[in-house]
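Colleague: just coords:
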């Protein structure tokens, strides 16, 4: 035996009533459609032409017909930011925490980049300092050798017996 489904009324008044009732349910966040209930539970239910038609069990194309201009106007009167239903407080809290965490991660990335740059500059400066330290040691050694040679030469000029100073650094 074939089970027959009952056809919906095609009278404009009945269709209009279906659309208005569906729109009321979407605004309240209590749709009958299983898919839309799932979206509402996640806080992602949007009030748009497609969802309105799905909730009403009608074609979305009907909304654009002149017979249903009041449905179209009512749908459009809901401003875009207000089309989504009020989400449960936990979902809102999670979204706020996610956004705060995202900002903290971005700030941490900026600090990390700054830290890496500072470490690179520090390594460059340490290399320069080591070069200067080696230059100072070399110059100090050369200066000591020059002082010893200078003392020898002064002794030769004055005819004195001069002994060389042993080098402190080699």
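Modeller: Nice, I can see it. Here the structure is a predicted model, which is why all the values come from computation and not from measurement.

Colleague: Now the helix or strand bottoming out on mean pLDDT in the chain: buried residues?
Modeller: Here the helix or strand of the chain ranked lowest by mean pLDDT, DSSP states H and E is helix 69-77, holding a mean of 87. For helix 69-77, burial by neighbour count (16 or more other CB atoms under 10 Å) applies to 71-72, 74-75. In short, each C-beta sits where N, CA and C put it, glycine included.

Colleague: Residue 20: helix or strand, and which one exactly?
Modeller: Element membership of residue 20 [criterion: DSSP states H and E] is helix 12-28.

Colleague: Packing partners of that helix?
Modeller: helix 49-56, helix 69-77 (3 or more CB pairs under 8 Å, 6 or more residues apart in numbering; DSSP states H and E).

Colleague: From the contact counts, what lies against the longest one?
Modeller: Identification of packing neighbours for helix 69-77 by 3+ CB pairs under 8 Å, 6+ apart yields helix 12-28, helix 49-56.

Colleague: Just the angle for that helix relative to helix 12-28, thanks.
Modeller: Calculated by axes from the mean of the first three to the mean of the last three CA atoms, to 10 degrees, helix 69-77 forms an angle of 20 degrees with helix 12-28.

Colleague: neighbouring contacts of helix 69-77?
Modeller: Identification of contacts with helix 69-77 by CB atoms under 8 Å, 6 or more residues apart in numbering yields 16, 19-20, 23, 47-49, 52, 63-64.

Colleague: can you tell me which of these lies nearest to residue 113?
Modeller: residue 48 (41.4 Å; CB to CB).

Colleague: And the residue nearest the centre of the chain, which helix or strand is it part of?
Modeller: Among the residues of the chain, the one closest to the centroid is residue 102, at 4.8 Å (CA atoms, centre = their mean). Using DSSP H and E, the element containing residue 102 is helix 89-158.
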